[in-house]
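S.K.: Quick check, what structure comes out for this input:
(chains A and B, ligands or ions: 2)
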Amino acid sequence: MTMDARESSGSAPAQKATRDMYLPPERKKIADGGTAHISAKEFSVYYGEFEAVKRVSADILSKYVTAIIGPSGCGKSTFLRAINRMNDLIPSCHTTGALLFDGQDIYGKFTDEVLLRKKVGMVFQKPNPFPKSIFDNIAYGPRLHGVNDKKKLMEIVERSLKKAAIWDEVCDRLDKNALGLSGGQQQRLCVARTLAVEPEVLLLDEPTSALDPKATAKIEDLIQELRGSYTIMIVTHNMQQASRVSDSTMFFYEGVLVEHASTAQLFTNPKDPMTEDYITGRFS
Amino acid sequence: MNIGTRKILDRSFTAVGIGSIIVMAVALMIVVVPIITNGIGAVFFTGTVEHRKMLFSEFKRGDSEKLSSEVASSDRYRAKVYGMLTDFEAELETMAPEKKVEYKAKYAEVRAALQALFGPLPGDPEPMLTRFKYGQTRWEKAEEKLHDLLYETKWDNSNPDVMAKEYFVSRAIGFQGTSLVKLFPYVKDNMEKLLLPEFTFYWGFITDSSVDSHFFGGIWPEIQGTFFLAVGAMLFAFPLGVVAAVYFTEYARPGFLNSMLRSANSTLAGVPSIVFGMFGLAFFINTLKVSESKSVIAGALTLAIMILPTIIRAAEEAILAVPKTYREASLSLGSSKWNTIATVILPAALPGIITGGIISLGRAAGETAPIIFTAAVSVGSAIGLADVLTSPTPALSWNIYNLASEHEAAAQIRHVQYGMVLALVSIVLMLNLSAIVLRARISKKLKG
Ligand SMILES: Nc1ncnc2c1ncn2[C@@H]1O[C@H](COP(=O)(O)OP(=O)(O)O)[C@@H](O)[C@H]1O
Ligand SMILES: [Mg+2]
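M.R.: Ligands and ions are numbered 1, 2, ... in the order given. You can find the predicted model right below:
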């Protein structure tokens, strides 16, 4: 895929060809040319003095699923949260270098972080529905952005819940409190809530780590459904998950982006010995 | 540690815990039981015909036909008493001068005791104070007054090392040999016919104004005043407190000014309430001149300042207890900070904020010191809502204090005081109960 081309890693594995065959046309174009939706240039994130993400340079391609892997505390969440400026909540946190979204600096002086977050949605590790009804959870974002017509809201709610593959399970109890759902359902509800705002980018920070295997499978299916429609970034601890759902993978170690390549290549033919050690489970 | 020791330790901790709970329960009982039993006595009691007379002429309440037949019946028995008095007065005139002086003094005491029992005697001038227009309205008081009629109270000062001891001397003995001696057994034996005691449910104690400084009537002006003051204080303090808490938790940058403000707030929470009272007088009345003198508004503002720190603290804690994930979820959907606070944080913090508010409401209802100089008067009629800006009001807390310490006839109207205490305790209790119910409801709604 693109990464291969750019990093000129020589012969592509056979697997890659078969995968590309199933890519939708617009993604094929990207796979061939590739437009960076988000790109980091010498981008660092600090907590006070501590540099949690170190001079990362990378391009996240539009409509790709990008997995971020690496041991605990290596800065995966920090990098992800930098993209929609959730780190703003931490007073000590600041950044250097550039992080561009659609060519615009996310940390630029004139960037409206509220507008940015509307375009860059996020789903968190622990499902976090509001203590409101299912309907109100989904309608929260649209209402915020000015949709107040009941019929229109209903349409959005239904569409979002269907996209998140949870409509059938909740369509008869939209007025019930969302906290009454199971963990897996809550997480899909959170995805639906994010989709209702119609973001361009979906950030998923270990979305399945709090879920049982069955719910995990559902979330993975969901990501498969959504791939091609959104630029998706998913942090995961689970190597199988990364290889199952993603097109390209970033490996972080102690804040440094060690390797960024197509998923197929990174898992079958890693260039960096550290990546190899990690994916073969020699450390974690 | 081996299992044996651990078990013993566990058990002794349990025992200590249960023990302290029992001690607290007993202490609560010791306080609450007399309040309830005495306080209920203000509403349920054995009333005499005098009570019914009073109700009829002061409050236009009661069945006039029944009352006049009762009055007629009791007057028949009283007429005999009054006849004895006339006889004795005639007898007095025939006595030797020094004997006459001696008996006259004793006779005056008897007359006074009878006045207390039955109201003005025939030939007495119409009393100025309402309290002297009627005899004893409550049966247990009537029995006390009967004792005063039958016995003279004397003090034994013979041993200077101990406190003087009270003892009683029968008045009948003092009148031995005169015509008046018959009066004592007659009154004693015919008490019920003279006063017609009857079980009374006086709901007017809650809804009536008082007559003659709480001698008769009810405590409605006090209840209403307490309500106005407490609710008024909340109207000022609650919005202000919540806004301040939002500022402290969400907007204030950590720093010198912020920590100063916070410690000022904590200090304010510990300031004695009398200081707030003086402050209210000096600031709201003398400086800001919110009213010419005491008024409900000045009292409410003073109480508001007093409860503000508590409300701020409770709201701050409630806001801080809202899971961080709600905030993240809202912000990640493109909500502004203010919108997140208004639509997610505050609703989730509402149970805690409301609890703090209602506990403060209870405190505002119960405090005495802040309203002494700013709002409270001891006797007054219920004020209208339109008067809150200009007129002071009676209030339960202040009137309890007043009846206990300053009222000229405190001992005779203890039941009113207990009734006020019970009313105040009930009001505060009801506020707290409603807080619990409200909190439970909202929490349930939030938890789904
Ligand atoms: N709020 C914070 N303040 C200070 N240090 C933090 C904070 N959050 C994370 N860190 C540190 O930054 C590093 C990266 O954290 P994080 O991005 O959460 O790692 P990961 O998601 O890969 O497990 C860790 O060393 C962590 O201790
Ligand atoms: Mg993480």
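
S.K.: which bits of the stretch 1-150 of chain A sit near ligand 1?
M.R.: Taking CB under 6 Å from any ligand atom as the test, the list of the stretch 1-150 of chain A residues beside ligand 1 reads A:Y47, A:F50, A:A52, A:G70, A:S72, A:G73, A:C74, A:G75, A:K76, A:S77, A:T78, A:I90. All C-beta spots, glycine's among them, are computed from the backbone N, C-alpha and C.

S.K.: what number of residues lie near the first one?
M.R.: Going back to what we said before, that points to A:Y47. Using other CB atoms under 10 Å in any protein chain shown, A:Y47 is surrounded by 15 other residues.

S.K.: wait, A:M250 sits on A:E259?
M.R.: Yes: with contacts counted by CB atoms under 8 Å, A:M250 reaches A:E259, the gap being 7.5 Å.

S.K.: Now do the helices in the stretch 151-300 of chain B.
M.R.: B:171-174, B:183-189, B:191-195, B:204-207, B:220-246, B:256-269, B:273-280, B:296-320 (DSSP state H, counting those that start in this stretch).

S.K.: need these in CSV with mean neighbour count, mean pLDDT and distance to B:M54, can you?
M.R.: What follows is those, written out as CSV (neighbours: other CB atoms under 10 Å in any protein chain shown; pLDDT from 0 to 100; distance: least, CB to CB, whole Å):
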stretch, mean neighbour count, mean pLDDT, distance to B:M54
helix B:171-174, 16, 88, 28
helix B:183-189, 17, 92, 21
helix B:191-195, 19, 93, 13
helix B:204-207, 16, 92, 11
helix B:220-246, 22, 94, 17
helix B:256-269, 12, 90, 47
helix B:273-280, 19, 93, 36
helix B:296-320, 25, 94, 30
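
S.K.: For B:G384, which of those is the nearest?
M.R.: With CB to CB as the measure, helix B:220-246 is the member of the helices of the stretch 151-300 of chain B nearest B:G384 (9.6 Å).

S.K.: Tell me which other helices or strands that closest one touches.
M.R.: helix B:204-207, helix B:296-320, helix B:346-366, helix B:396-405, helix B:414-447 (3 or more CB pairs under 8 Å, 6 or more residues apart in numbering or on different chains; DSSP states H and E).

S.K.: Give me the neighbour count for B:H415.
M.R.: Neighbour count of B:H415, defined by other CB under 10 Å: 19.

S.K.: List the buried residues in stretch B:71-78.
M.R.: Taking 16 or more other CB atoms under 10 Å in any protein chain shown as the basis for neighbour counts, the residues of stretch B:71-78 that come out buried are B:V71, B:S74, B:Y77, B:R78.

S.K.: coming back round to it: just so I know, which of the helices of the stretch 151-300 of chain B lies nearest ligand 1?
M.R.: Among those, the nearest to ligand 1 by CB to the nearest ligand atom is helix B:296-320 (16.6 Å).

S.K.: Make a markdown table from the helices and strands packed on helix B:220-246 and add distance to B:F13 to it.
M.R.: A markdown table is the format used below for the helices and strands packed on helix B:220-246 (distance: least, CB to CB, whole Å):
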| stretch | distance to B:F13 |
| --- | --- |
| helix B:204-207 | 46 |
| helix B:296-320 | 28 |
| helix B:346-366 | 29 |
| helix B:396-405 | 40 |
| helix B:414-447 | 28 |
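
S.K.: Tabulate those in CSV, adding columns for distance to chain A.
M.R.: As requested, the helices and strands packed on helix B:220-246 are arranged in CSV below (distance: least, CB to the nearest CB, whole Å):
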stretch, distance to chain A
helix B:204-207, 41
helix B:296-320, 14
helix B:346-366, 6
helix B:396-405, 39
helix B:414-447, 4
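
S.K.: Those: which one's closest to B:A382?
M.R.: Within the helices and strands packed on helix B:220-246, the stretch nearest B:A382 is helix B:204-207; the backing value is 9.8 Å (CB to CB).

S.K.: quick one: contacts of the closest one?
M.R.: Helix B:204-207 is contacted by residues B:A42, B:V43, B:L55, B:F59, B:R61, B:G217, B:G218, B:I219, B:W220, B:I223, B:G419, B:A423 when judged by CB atoms under 8 Å, 6 or more residues apart in numbering or on different chains.

S.K.: Quick one: these as CSV, columns for distance to ligand 1 too.
M.R.: What follows is these, written out as CSV (distance: CB to the nearest ligand atom, whole Å):
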residue, distance to ligand 1
B:A42, 61
B:V43, 62
B:L55, 73
B:F59, 70
B:R61, 71
B:G217, 66
B:G218, 62
B:I219, 58
B:W220, 59
B:I223, 54
B:G419, 59
B:A423, 54
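
S.K.: Pull out the buried members of those.
M.R.: Neighbour-count burial within the contacts of helix B:204-207 applies to B:A42, B:V43, B:L55, B:G217, B:G218, B:I219, B:W220, B:I223, B:G419, B:A423; the criterion is 16+ other CB under 10 Å.

S.K.: For the stretch 101-250 of chain A, just list every one of the strands.
M.R.: Listed in chain order, the strands of the stretch 101-250 of chain A (DSSP state E, counting those that start in this stretch) span A:104-105, A:120-123, A:201-205, A:231-235, A:248-253.

S.K.: Compare the mean pLDDT across those strands and name the weakest.
M.R.: When the strands of the stretch 101-250 of chain A are compared on mean pLDDT, strand A:104-105 scores lowest, with a mean of 90.

S.K.: next one: it to chain centre, how far?
M.R.: Computed by CA atoms, centre = their mean, to the nearest Å, the separation of strand A:104-105 from the middle of its chain amounts to 19 Å.

S.K.: now what about that strand, what contacts it?
M.R.: A:A98, A:L99, A:T111.

S.K.: Please apply the same query to stretch B:255-264.
M.R.: The list of residues contacting stretch B:255-264 from outside it, by CB under 8 Å, 6+ apart, reads B:F248, B:A252.

S.K.: Show me the shaky parts of the stretch 101-250 of chain A.
M.R.: Applying pLDDT under 70 to the predicted model, the stretch 101-250 of chain A contains no residue that meets it.

S.K.: Mind jotting down where the helices sit in it?
M.R.: A:113-119, A:134-144, A:150-163, A:167-170, A:183-195, A:213-226, A:239-245.

S.K.: For B:V296, find the nearest of these.
M.R.: By CB to CB (comparing all of the helices of the stretch 101-250 of chain A), the closest turns out to be helix A:134-144, at 41.0 Å.

S.K.: ok, how many other residues are close to the residue lying closest to A:L161 once chain neighbours are set aside?
M.R.: Beyond its immediate neighbours in the sequence, the residue positioned closest to A:L161 (CB to CB, 6 or more residues apart in numbering or on different chains) is A:W167, lying 4.1 Å away. Other residues lying near A:W167 total 17 when counted by other CB under 10 Å.

S.K.: Could you give the bridge partners of A:M122?
M.R.: Note on A:M122: beta-bridge partners by DSSP bridges are A:L203.

S.K.: still on that earlier bit, would you mind finding the most buried of the helices of the stretch 101-250 of chain A?
M.R.: Of all the helices of the stretch 101-250 of chain A, helix A:183-195 has the most neighbours on average by mean count of other CB atoms under 10 Å in any protein chain shown, namely a mean of 25.

S.K.: Alpha carbons of that helix, as PDB, please.
M.R.: In PDB, the C-alpha atoms belonging to helix A:183-195 read as follows (Å, rounded to 0.1, in the frame of the first residue of the first chain):
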ATOM      1  CA  GLY A 183     -21.000  -2.500  28.200                       C
ATOM      2  CA  GLY A 184     -20.700  -3.600  24.500                       C
ATOM      3  CA  GLN A 185     -24.000  -1.900  23.700                       C
ATOM      4  CA  GLN A 186     -22.900   1.300  25.500                       C
ATOM      5  CA  GLN A 187     -19.700   1.400  23.400                       C
ATOM      6  CA  ARG A 188     -21.600   1.000  20.200                       C
ATOM      7  CA  LEU A 189     -24.000   3.700  21.400                       C
ATOM      8  CA  CYS A 190     -20.900   5.900  21.900                       C
ATOM      9  CA  VAL A 191     -19.800   5.200  18.400                       C
ATOM     10  CA  ALA A 192     -23.300   6.100  17.200                       C
ATOM     11  CA  ARG A 193     -23.300   9.300  19.300                       C
ATOM     12  CA  THR A 194     -20.000  10.300  17.600                       C
ATOM     13  CA  LEU A 195     -21.300   9.400  14.100                       C
END
